[in-house]
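1. Build me a structure from this.
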Amino acid sequence: MPELRKDPLTESWVVIATERGKRPSDFARPSSSGRSGTCPFCYGSEGMTPPEVLAYRDGSDPDAPGWSVRVVPNKFPALSPELEREAPRRFGPYQEMSASGGHEVLIESPEHDSTLGTHDVRQVEMILRAVKERLIDYRDKGRTEYVQVFKNAGPAAGASLEHTHFQMIAVPLVPDVLRDEMEGMSNRDGRSCRLCEIVKFESGREERVIEKPEGYLVYCPFASRFPYETWIVPIEHSGHFEDASENDLRKLAPVLRDTVGRLESAFEDVPYNLVLHTAPFGAPRDGFHWHIEILPRLTIAAGFEFGTGYFINPTPPEMAARFLRAASGPAAGQAQGG
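-> Predicted coordinates for the structure are as follows:
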């Protein structure tokens, strides 16, 4: 069973995914094709995945064709819902605990060759609604502290299947990255949330702004870690993504689709990671500002980055924003309804 182990020097936690145990020969990068009728995420292959936990369907039977968006447990979970949540066990300088939680795959579309940047906007809205539903389900069960929603696009970004999908991993503790962000966003000297301040500042200067659609700001962060790193932030302060209204999701869908579409249009087969940072379930609603980070993997982190934690980004965010403002995504010419 998977374990969580705490580094006694940095106090960060590591998932030891024993169910995914690999020998040296197992680390060769597999093909991401999944074609020739063998893709487990295509119509007709529903039996290749565990039974679905959520699906938007046309009235068809569960675990059969006829779905638009489908969520299934990961066959090889990094964290497992079968494990009981427990306090860390201590021995010597070390701490460990069972990796209780959950690991799910959100299959974005039955269309094998569709991408997040080319989906019909209604499809993206369904994807966002499914994310919200799964977050609410995990929150209401009360067994986890946080769910990391993310997308790996392309082998260089960690994807082993090319059929477009998100993943959701529920963890029994608040990740260090989220703790750091919450501390960085917290009120200082009576001022508002730091990310709110950034949104207001960037909206006024516009040199790093890509787009200002209704309700959101799309921009390249001042201290971007990756070339063409892009954030999508709601203008109004909001801590928990699962609190988003249907109208919020309706507005966000074309923003997300078109932002990713710009990258897909500008770079052929661009590998990227997308992460949704939302408040941990127990955090107050005013203690965080949810946002989406899109991280193109155009460079490789190496010795300096791992040794220092500092990233080297060869593309200034001002240049990246200027380029992406001029880019039009594959779906840019489509109407809002697709």
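2. Every contact and neighbour count from this point should use C-alpha atoms.
-> Will do.
3. All the helices of the stretch 51-200 of the chain, in order from the start?
-> According to DSSP state H, counting those that start in this stretch, the stretch 51-200 of the chain carries its helices in the segments 121-141, 176-185, 194-205.
4. tally of neighbours for the nearest residue to Met185 once chain neighbours are set aside?
-> Distances taken as CA to CA, 6 or more residues apart in numbering put Arg194 closest to Met185, at 4.6 Å, once the chain neighbours are dropped. Burial measure for Arg194: 19 neighbouring residues, criterion other CA atoms under 10 Å.
5. what's the answer for the one 10 residues further on, then?
-> Gly204 is flanked by 10 other residues according to other CA under 10 Å.
6. Enumerate every residue touching the residue nearest the centre of the chain.
-> The chain has Phe150 as the residue nearest its centroid, 2.1 Å off, counting by CA atoms, centre = their mean. With contacts defined as CA atoms under 8 Å, 6 or more residues apart in numbering, Phe150 is in contact with Phe166, Gln167, Met168, Asn273, Leu274, Val275, Leu276.
7. State the distance from it to Tyr94.
-> The gap separating Phe150 from Tyr94 is 29 Å, by CA to CA, to the nearest Å.
8. returning to what we had before: tell me which element the nearest residue to the residue nearest to the centre of the chain once chain neighbours are set aside falls in.
-> For Phe150, ignoring the flanking residues on the chain, the nearest one in space by CA to CA, 6+ apart is Val275 at 4.4 Å. When elements are assigned from DSSP states H and E, Val275 belongs to strand 272-277.
9. Can you name the residues in contact with that strand?
-> When contacts are taken as CA under 8 Å, 6+ apart, the neighbours of strand 272-277 outside the stretch itself are 148-154, 156-157, 178, 290-297.
10. Just checking: what are the partner strands of it?
-> Partner strands for strand 272-277, per DSSP bridges, with pairing direction: strand 146-153 (antiparallel), strand 291-296 (antiparallel).
11. Could you say which of those strands is packed most deeply?
-> Per-residue neighbour counts averaged over each of those give the maximum for strand 146-153, namely a mean of 23 (mean count of other CA atoms under 10 Å).
12. Centre of the chain to that one, how far?
-> Computed by CA atoms, centre = their mean, to the nearest Å, the separation of strand 146-153 from the middle of its chain amounts to 3 Å.
13. and it, average pLDDT?
-> Predicted confidence along strand 146-153 averages 97 (mean pLDDT).
14. again with stretch 65-74
-> Rounded to a whole number, the mean pLDDT of stretch 65-74 is 97.
15. Pull out the buried residues from that stretch.
-> When burial is assessed from 16 or more other CA atoms under 10 Å, stretch 65-74 yields the following buried residues: Pro65, Gly66, Trp67, Ser68, Val69, Arg70, Val71, Val72, Pro73, Asn74.
16. can you check stretch 156-174 too?
-> Of the residues in stretch 156-174, those buried by neighbour count under the rule 16+ other CA under 10 Å are 156-157, 159-172, 174.
17. Could you tell me which ranges of the stretch 51-200 of the chain sit under the pLDDT cut-off?
-> 187-191 (pLDDT under 70).
18. and which of the contacts of Phe150 is nearest Phe311?
-> For Phe311, the nearest member of the contacts of Phe150 is Asn273. The distance, counting by CA to CA, is 15.9 Å.
19. That closest one and Pro88, how far apart?
-> Taking CA to CA as the measure, Asn273 falls 30 Å from Pro88.
20. These two - which one has more neighbours?
-> Neighbours per residue (other CA under 10 Å) separate Asn273 from Pro88, with Asn273 holding more: 19 against 14.
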